[in-house]
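Peer 1: The following comprises the amino acid sequence and a computationally predicted model.
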Amino acid sequence: MPLTEGFSMFLPRGRTYNPANNEGWEAEGLKPDAEVPHEKALDTALTMARKR
């Protein structure tokens with residue numbers, strides 16, 4: 001939505017939530033499928049993706 005020259009505004013019109021409990025995950029995050037040290041995160045993600 002344009003406001004004035006050089007400025008605009010975005011208003012979200014939706015909400016993310018878990019349909020199982022109707023609660024959002026803002027400020028909580030999501031539980032990872034595999035908890036690994038950050039050094040192994042990419043390798044683990046690639047390995048898991050190849051298995052699907």
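Peer 2: Thanks, I have the structure now. This one's a predicted model, so the numbers in the text were calculated from it and none came from an experiment.
Peer 1: so after the lowest-mean-pLDDT helix or strand in the chain, what's the next helix or strand?
Peer 2: The helix or strand of the chain with the poorest confidence is strand 2-4; it has a mean of 80 (mean pLDDT, DSSP states H and E). Next helix or strand after strand 2-4 toward the C-terminus (DSSP states H and E): strand 7-8.
Peer 1: Provide the strand pairings for that next one, with the direction of each partner.
Peer 2: Using DSSP bridges, strand 7-8 pairs in its sheet with strand 2-4 (antiparallel).
Peer 1: what's in contact with the strand it pairs with?
Peer 2: 8, 9 (C-beta atoms under 8 Å, 6 or more residues apart in numbering). C-beta here means a position set from N, CA and C on the backbone, and glycine is covered the same way.
Peer 1: pLDDT averaged over stretch 41-52 - what is it?
Peer 2: Mean pLDDT, stretch 41-52: 94.
Peer 1: any idea how far that stretch is from the chain center?
Peer 2: Relative to the chain's own centre, stretch 41-52 is displaced by 18 Å; criterion: C-alpha atoms, centre = their mean, to the nearest Å.
Peer 1: Dump that stretch to PDB, restricted to CA.
Peer 2: Below are the C-alpha coordinates for stretch 41-52, written out as PDB (Å, rounded to 0.1, in the frame of the first residue of the first chain):
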ATOM      1  CA  ALA A  41      23.200 -29.300  10.000                       C
ATOM      2  CA  LEU A  42      23.700 -29.100   6.300                       C
ATOM      3  CA  ASP A  43      25.100 -32.600   5.900                       C
ATOM      4  CA  THR A  44      22.200 -34.000   8.000                       C
ATOM      5  CA  ALA A  45      19.600 -32.100   6.000                       C
ATOM      6  CA  LEU A  46      21.000 -33.300   2.700                       C
ATOM      7  CA  THR A  47      21.200 -36.900   3.900                       C
ATOM      8  CA  MET A  48      17.600 -36.800   5.100                       C
ATOM      9  CA  ALA A  49      16.400 -35.200   1.800                       C
ATOM     10  CA  ARG A  50      18.100 -37.900  -0.300                       C
ATOM     11  CA  LYS A  51      16.200 -40.600   1.700                       C
ATOM     12  CA  ARG A  52      12.800 -39.200   0.800                       C
END
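Peer 1: Since that was my last question, I'll sign off now.
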